[in-house]
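> Any chance you can model this:
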Amino acid sequence: ICSIMGSSGSGKTTFINEASRSDFAIGRSLKSCTSEVQAMKSFKLNGLEVTLIDTLGFDDTSHSDMDILTMIGAYLSQTSVFIHGAKLAGIIYMHHISDFWIGGTNKQNFKMFLELCGQSTL
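Numbering: from 1, shown residues only. Sure thing, here's the model as predicted:
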């Protein structure tokens, strides 16, 4: 299980659709499209079962970053996948391809993930 996180409009859902052949709605306007945390159906990659979790983007047009983190945490703690022993194996953090540097929100999120997960997880 891998959670796909990052800024709104960075291509999280597009990546998931391409990787898993899913058909989640993709935003094509200035308003955020993904409105809830959702897992796509699992697929095999090099013999391993992979489940990608689509999340709302940070800097969202409708929710604060804290609201988004709360929603992600609630989803991960309540979903039957985690109740049956599967664990989050990784986070793919996406950002806009046109960004030349890591901005304030992304930098804060990286710092928070480091504090939550520890240096050894990087």
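> tell me the SS of Asn109?
Secondary structure, DSSP: H, G, I helix; E, B strand; the rest coil: Asn109 is helix.
> From Arg21, how far out is it?
28 Å (Cβ to Cβ, to the nearest Å). In this view, the C-beta of every residue, glycine as well, is placed from N, C-alpha and C.
> neighbour-wise, which of those two wins?
Asn109 (20 against 10; other Cβ atoms under 10 Å).
> thought that one was touching Ile91?
No - using Cβ atoms under 8 Å, Asn109 is not in contact with Ile91, being 9.9 Å away.
> Now Ile26: closest residue in space that isn't a chain neighbour?
Nearest non-adjacent residue to Ile26, counting by Cβ to Cβ, 6 or more residues apart in numbering: Thr13, 5.3 Å away.
> Is that neighbour located within a helix, as I assumed?
Yes - assessed with three-state DSSP, Thr13 lies in a helix.
> now stretch 22-30: mean pLDDT?
For stretch 22-30, mean pLDDT rounds to 74.
> Tell me how many other residues surround Leu76.
Neighbour tally, Leu76, other Cβ under 10 Å: 18.
> To which secondary structure element type does it belong?
Secondary structure assignment for Leu76 (three-state DSSP): helix.
> Give me the pLDDT value at it.
In this prediction Leu76 is given a pLDDT of 79.
> okay, and for the protein, where does confidence drop off?
28-31, 80-85, 101, 113-122 (pLDDT under 70).
> Which stretches in it count as helices?
Along the chain, the segments classed as helices by DSSP state H run 12-20, 65-78, 80-83, 104-117.
> Other residues contacting the first one?
Right, helix 12-20. Outside helix 12-20, the residues that touch it by Cβ atoms under 8 Å, 6 or more residues apart in numbering are 4-6, 22-27, 33-34, 40-41, 43, 50, 52, 54-55, 57, 92, 94.
> What of the second one?
Outside helix 65-78, the residues within contact range by Cβ under 8 Å, 6+ apart are 3, 5, 36-37, 53, 55-60, 63, 82, 88, 105, 109.
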